[in-house]
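Participant: compute the structure for the input listed below.
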Amino acid sequence: MAQTEQTLIEKMKSHGELYAALFSGVLILAAWILSKNIGETGLVVGLYIAAFIIGGFAKAKEGIEETIENKTLNVELLMILAAVGSAVIGYWTEGAVLIFIFAVSGAMETYAMNKSHKEISALMDLQPEDANLLLPDGSTKSVLISELAIGDRLLIKPGERVPTDGTVVDGISTIDEAAITGESIPVTKNIHDEVFAGTVNMTGAITVEMTKPNSESLFSKIIELVQSAQSEKSPSQQFIERFEGTYVKIVLAVVGLMLFLPHFILGWDWNTTFYRAMVLLVVASPCALVAAITPATLSAISNGARHGVLFKGGLHIEHLSSLKAIAFDKTGTLTQGKPIVTDFIVADGQDEQQLLSMIAGVESQSNHPLAIAITSYARKQGITNFHKAQIEDIPGWGLKGTIDGVTYNVGKPEFVGFDRVRAFQNNIAEQLTNEGKTVIFMANEQGIVALAAMKDTVREQSKIAIKQLNDMGIHTIMLTGDNTNTANVIAKEAGVEQAIAECLPETKVKHMKELLEKYKYVGMVGDGINDAPALATATTGIAMGEGTDVALETADVVLMKNDLSKIAYAVKLSQKMQRIIKQNIIFSITVIMLLIISNFLQIVNLPLGVIGHEGSTILVILNGLRMLNSKVK
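Facilitator: Prediction:
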């Protein structure tokens, strides 16, 4: 019960500004009804003053504190001055209504900020505070996550959240990773598979060994990224903030002139002159203009976080909308990053299963990616007991293995002899090489007995993502360290428009600078340490969520579930945000200009000025909040 009461109190505090605005509205209504019946008595004026104080306190405090801290005037002070000025000339109702609507729009802006920060609170609530530590005797002990150390083993039961990043060492279960990757389909985890803090264990009990400190978990990095993104201001926001201070000074100067000049030049009486100056103070305030950008930007950041795209700031969202080209790393980005055997061909009259067992017996003693690909292929073909081999590693060439007294060379063409390679199966190796495949040969004294062709396969998501970007008119380029032939084959398969091969980390930067000169706004997508320099050079660096820490820290945008199709989503989200911001700016400036002109023509009175000005601010905020819930197609 006490916890429920505390939650209720905290909720009321978060909506305090809105409650104060609504209460001031009730006081204004009561004062207006009384004034119609008994006139403007002390009671009526007292109610109006109470409405001024209750409704305007938050904004007045904010305005004064900002003025002292930044040593510049702001919109909040303009509104307070306008309300007080209205009261001074006897327009108590108009001044109070101005405070009321200004307080409501302020409460709505606070709501917009809180709504965008709600994603952080929701994320933080997903991480449990304690864990079941597995003791040496097999029993468990509940401990705080802060007390855990790398190497600790944790028991995670069905229905519990994973407390920290780690590796499964015992058990099999299905894990819901939606909180981290945005993917709604649960993933089956076996021994040696990685699990992440904040995800939910759904079916079986598993034992997980902690592999990272809590502060370095993927979950913690997500929270840190979103927090930093929400605090970083885009160029548009920075411009508006600089513009606001200068604009407020201009408005105050013009209002100062309005207090005297119309009386002498246009022949207005003093009451009308002062009244029109107060109306100008209201309608010329740039409230809607100030609110045109921030709610939309924060909402876009929150929207992206919900869909597995983490922006490190409003600046990077703005840049995304301008991209003309995107460069991709190949290995681990466009491709799976792990070679697989696509062809296994043996010499005429040889036993395929026997030779596969023999080559796997040699390669099983190496941890080279190509060796792992061959042994994996053999297991998939049903071969579990490989031939025993004594091996000798020949660095840069391959392996020399002895099986049943016969010596075999397993490796590249140079190791087995180019003449033998050309003679084997009508030089089929050349055809395989032209298909972008890496070929490993197995030969004895008589000649080549088998070959294995391997290829790093293109992700299906990569093909979809590249097509989406090409359809959007964004030029796609692949930067890879592979040879030209392999690069062209992979680029064609992925649908990439241009392939640049044989790239070292420094040459990737060189090519990126050339692309920037040609296209001006260029993105870079990568996942490895070697991609970090190019990620930093690009207009927008985009890292794969499962990439290296260096890539994640260098990039401006992170794709949480290695899903390249999210790039097109992020670009469209950015473009939509820019459209909404432009709508807001044009609308707010138009309303301000119309109200100023109407005031000089004495068409608009103070109540209409208040409604027009503050109403436009509310509409601008609501338009920005559309970014929160919209899913870009």
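
Participant: shaky segments in the stretch 351-500 of the chain?
Facilitator: Along the stretch 351-500 of the chain, segments meeting pLDDT under 70 span 395-396.

Participant: which residues of the stretch 301-450 of the chain fall in strands?
Facilitator: Secondary structure of the stretch 301-450 of the chain, counting by DSSP state E, counting those that start in this stretch: strands at 309-311, 325-329, 335-346, 390-394, 398-403, 406-411, 438-444, 447-458.

Participant: in three-state terms, label Lys212 for me.
Facilitator: With DSSP: H, G, I helix; E, B strand; the rest coil as the basis, Lys212 sits in coil.

Participant: same question, Ser86
Facilitator: Here Ser86 is recorded as helix under three-state DSSP.

Participant: name the element the nearest residue to it once chain neighbours are set aside belongs to?
Facilitator: Nearest residue to Ser86 in three dimensions, chain neighbours excluded: Gly95, at 3.3 Å (CB to CB, 6 or more residues apart in numbering). Placement of C-beta: from N, CA and C, glycine included. Remark: Gly95 resides in helix 92-126, with elements defined by DSSP states H and E.

Participant: list the buried residues of the helix or strand just after that helix.
Facilitator: Next helix or strand after helix 92-126 toward the C-terminus (DSSP H and E): strand 130-134. By neighbour count on 16 or more other CB atoms under 10 Å, the buried set for strand 130-134 is 131-134.

Participant: what's in contact with strand 130-134?
Facilitator: By CB atoms under 8 Å, 6 or more residues apart in numbering, the surrounding residues in contact with strand 130-134 are 140-145, 148, 152-157, 160, 163-164, 207.

Participant: of all the strands of the stretch 301-450 of the chain, which lies closest to Met258?
Facilitator: Evaluated over the strands of the stretch 301-450 of the chain, closeness to Met258 peaks at strand 309-311, with 43.7 Å, by CB to CB.

Participant: what pairs with the closest one, parallel or antiparallel?
Facilitator: Using DSSP bridges, strand 309-311 pairs in its sheet with strand 557-559 (antiparallel).

Participant: need the contact partners of the strand it pairs with.
Facilitator: Applying CB under 8 Å, 6+ apart, the contact partners of strand 557-559 are 225, 308-312, 316, 320, 540-545, 552, 566-567, 570.

Participant: name the element Ala21 belongs to?
Facilitator: Per DSSP H and E: Ala21 is located in helix 16-38.

Participant: can you point out the buried residues in that helix?
Facilitator: For helix 16-38, by 16+ other CB under 10 Å, it's 17-18, 20-25, 27-28, 30-32, 35.

Participant: follow-up on the earlier one: of all the buried residues of strand 130-134, which comes closest to Pro286?
Facilitator: When the buried residues of strand 130-134 are compared against Pro286 (criterion: CB to CB), the nearest one is Ala131, at 51.2 Å.

Participant: not counting its neighbours along the chain, what's nearest that closest one?
Facilitator: Using CB to CB, 6+ apart, the closest residue to Ala131 is Pro163 (3.9 Å).

Participant: helix or strand right after the helix or strand containing Leu154?
Facilitator: Taking DSSP H and E as the definition, Leu154 sits inside strand 153-156. Following strand 153-156 in sequence order, the next helix or strand is strand 166-170 (DSSP H and E).

Participant: mind giving me the packing neighbours of that next one?
Facilitator: In this structure, strand 166-170 packs against strand 194-195, strand 206-210, with contacts taken as 3 or more CB pairs under 8 Å, 6 or more residues apart in numbering; DSSP states H and E.

Participant: of these, which shows the lowest average pLDDT?
Facilitator: Sorting the helices and strands packed on strand 166-170 by mean pLDDT places strand 194-195 lowest, at a mean of 87.

Participant: confirm that Gly138 sits in a strand.
Facilitator: No - according to three-state DSSP, the state of Gly138 is coil, so it is not within a strand.

Participant: Gln498 against Thr480, yeah?
Facilitator: No - using CB atoms under 8 Å, Gln498 is not in contact with Thr480; the gap is 11.5 Å.

Participant: who's more crowded, the two?
Facilitator: Neighbours around Gln498 and Thr480, counted as other CB atoms under 10 Å, are more numerous at Thr480. The numbers are 24 against 13.

Participant: OK, contacts around that one?
Facilitator: With the criterion set at CB under 8 Å, 6+ apart, Thr480 makes contact with 329-331, 486-487, 490, 499-503.

Participant: need these in TSV with secondary structure, can you?
Facilitator: Formatted as TSV, those follow (three-state DSSP):
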residue	secondary structure
Asp329	strand
Lys330	helix
Thr331	helix
Thr486	helix
Ala487	helix
Ile490	helix
Ala499	strand
Ile500	strand
Ala501	coil
Glu502	coil
Cys503	coil
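
Participant: what's the neighbour count on the spatially closest residue to Asp556 that is not a sequence neighbour?
Facilitator: Nearest residue to Asp556, sequence neighbours excluded (CB to CB, 6+ apart): His316, at 4.0 Å. When neighbours are counted by other CB under 10 Å, His316 registers 24.

Participant: ditto for Ala536
Facilitator: Other residues close to Ala536 by other CB under 10 Å number 15.

Participant: output the host helix or strand of it in CSV with nothing but the alpha carbons.
Facilitator: Assessed by DSSP H and E, Ala536 sits inside helix 532-537. Extracted C-alpha coordinates of helix 532-537, given in CSV (Å, rounded to 0.1, in the frame of the first residue of the first chain):
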residue,chain,number,x,y,z
ALA,A,532,36.6,2.8,-37.1
PRO,A,533,38.6,5.4,-39.0
ALA,A,534,36.2,5.4,-41.9
LEU,A,535,33.2,5.6,-39.5
ALA,A,536,34.7,8.7,-37.9
THR,A,537,35.4,10.3,-41.3
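
Participant: quick check: mean pLDDT of it?
Facilitator: Taken as a whole, helix 532-537 has a mean pLDDT of 80.

Participant: buried stuff in stretch 134-147?
Facilitator: Applying a neighbour-count criterion of 16+ other CB under 10 Å, the buried positions in stretch 134-147 are 134, 145.

Participant: what is the end-to-end distance of that stretch?
Facilitator: Using CA to CA, to the nearest Å, one end of stretch 134-147 lies 13 Å from the other.

Participant: again, but for stretch 385-400
Facilitator: Span of stretch 385-400 from end to end, CA to CA: 20 Å.

Participant: also stretch 304-318?
Facilitator: Counting by CA to CA, you get 13 Å between the two ends of stretch 304-318.

Participant: show me how far stretch 483-491 is from its chain's centre.
Facilitator: Chain-centre distance of stretch 483-491: 31 Å, with CA atoms, centre = their mean, to the nearest Å.

Participant: nope, stretch 485-501 is what I meant
Facilitator: The mean C-alpha position of stretch 485-501 is separated from the chain mean by 28 Å, CA atoms, centre = their mean.

Participant: neighbouring contacts of that stretch?
Facilitator: Under the criterion CB under 8 Å, 6+ apart, residues 328, 330, 334-335, 433-436, 438, 456, 458, 462-463, 466-467, 470, 475-484, 502, 511 lie in contact with stretch 485-501.

Participant: one step back: same question for the helix holding Gly95, mean pLDDT?
Facilitator: The pLDDT scores in helix 92-126 average 65.

Participant: and the residue lying closest to Leu148 once chain neighbours are set aside, how many neighbours?
Facilitator: Nearest-residue entry for Leu148: Met210, 5.7 Å, with adjacent residues in sequence omitted and distances by CB to CB, 6+ apart. Using other CB under 10 Å, Met210 has 23 neighbouring residues.
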